[in-house]
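[1] output the structure for:
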Amino acid sequence: MATVHPALAPYVRSIVVYDVTFGAPGVHIGMPSTGLTCVLPVDEPLEVAWDAAPHTRTSGWSSVSGLHTTAAAVHHGLHQSGIQLSLSPAGARALWGVPASALAGELLALGDVDADLGDLPSRLAGEATWDARLEVLERALLGALRRRERAESRPEVARAMALLTRGVPVAATADDVGYSRRRLTTLVRDEVGLSPKTYQRLARFSRAHGRLRRDALDGDVSVARLAAESGYADQAHLAREWTGFAGCSPTEWLRREFPIVQATGDRAEGA
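    All right, here's what the predicted structure looks like:
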């Protein structure tokens, strides 16, 4: 995890360097989240498609996706390395000059989003170390930030998004920011490309995914506990939502992403 420059911190949630060797070629699950994703591979082009939609498969030296409710299938060989960024919805406006809704459900090259950043992959490839690549990336992002007028979303919409992320019901969120539920739905959809309810479900799923990943790394996984801690009615509810977003159950995701980890309390999934 690289340090994010303070000027970029409101817009870039994380910058992660990855350098992974696999035992065999395969497919990694790119999970939906409330962040926009930008991947910049450096050793071989990234091949990615939406799950169960092979006709959407793209291959290139950059990949940008907005918010999505379907997992991505990331194809890999024996080795993969590069840099992955997660942007907040505000980051789409600040860095690329478009609302996140313009990129919802899309798989695009970086140059399609911002022509001025189209040569960034080649600039990264020209550097020999990760530190040098991160410096090039930071300069490019700061340059993009300076080029934009930085039109922010309306403060009440930003507050509504924060409330929805925390799990506040849609009706209560609408009351808090002084809009009708219908008006709130229009504004949120215009901002991120999803309805308030779907965005709220996605935020809950994203929190659960983060918890399960941490638990897997710690070697202490209980799907029943995860459901309770993540705000699901029960384990079966978690399993249904997880399958809808990720295309597989939590335990199947663990088997594919963390094959040495065993989950407990997964009978409700039929595992």
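[2] next SSE after the longest helix along the chain?
    Looking across the chain with DSSP state H, the single longest helix is helix 196-218. With elements assigned by DSSP states H and E, the helix or strand that comes after helix 196-218 is helix 223-229.
[3] next structured bit after that following helix?
    In N-to-C order, the element after helix 223-229 by DSSP H and E is helix 235-246.
[4] which parts of that next one are buried?
    Using 16 or more other CB atoms under 10 Å as the test for burial, helix 235-246 gives 235, 238-239, 241-242, 245-246. (C-beta placed from N, C-alpha, C; glycine too.)
[5] centre of the chain to it, how far?
    18 Å (CA atoms, centre = their mean, to the nearest Å).
[6] contact partners of it?
    Defining contact as CB atoms under 8 Å, 6 or more residues apart in numbering, one finds that helix 235-246 is touched by 29, 31-32, 69-71, 201-202, 204-205, 208-209, 223-224, 226-227, 230, 232, 248-250, 253, 265-266, 268-269.
[7] stretch 156-164 too?
    Residues outside stretch 156-164 that contact it (CB under 8 Å, 6+ apart) are 89-90, 152-153, 170, 172-174, 176-179, 184, 187-188, 191-192, 196, 199-200, 203.
[8] how close does the residue lying closest to Ser230 once chain neighbours are set aside get to Gln200?
    What sits nearest to Ser230 in space, not counting adjacent residues and going by CB to CB, 6 or more residues apart in numbering, is Ala208, at 3.9 Å. According to CB to CB, to the nearest Å, Ala208 stands 13 Å off from Gln200.
[9] before we move on, what about Ala90?
    For Ala90, the distance to Gln200 equals 18 Å [CB to CB].
[10] who's more crowded, these two?
    Neighbour tally, Ala90 and Gln200, criterion other CB atoms under 10 Å: the higher count belongs to Gln200, 23 against 18.
[11] how many neighbours does the residue lying closest to the more buried one once chain neighbours are set aside have?
    Using CB to CB, 6+ apart and skipping the chain neighbours, the partner closest in space to Gln200 is Leu164 (4.5 Å). Leu164 sits with 27 neighbouring residues when counted by other CB under 10 Å.
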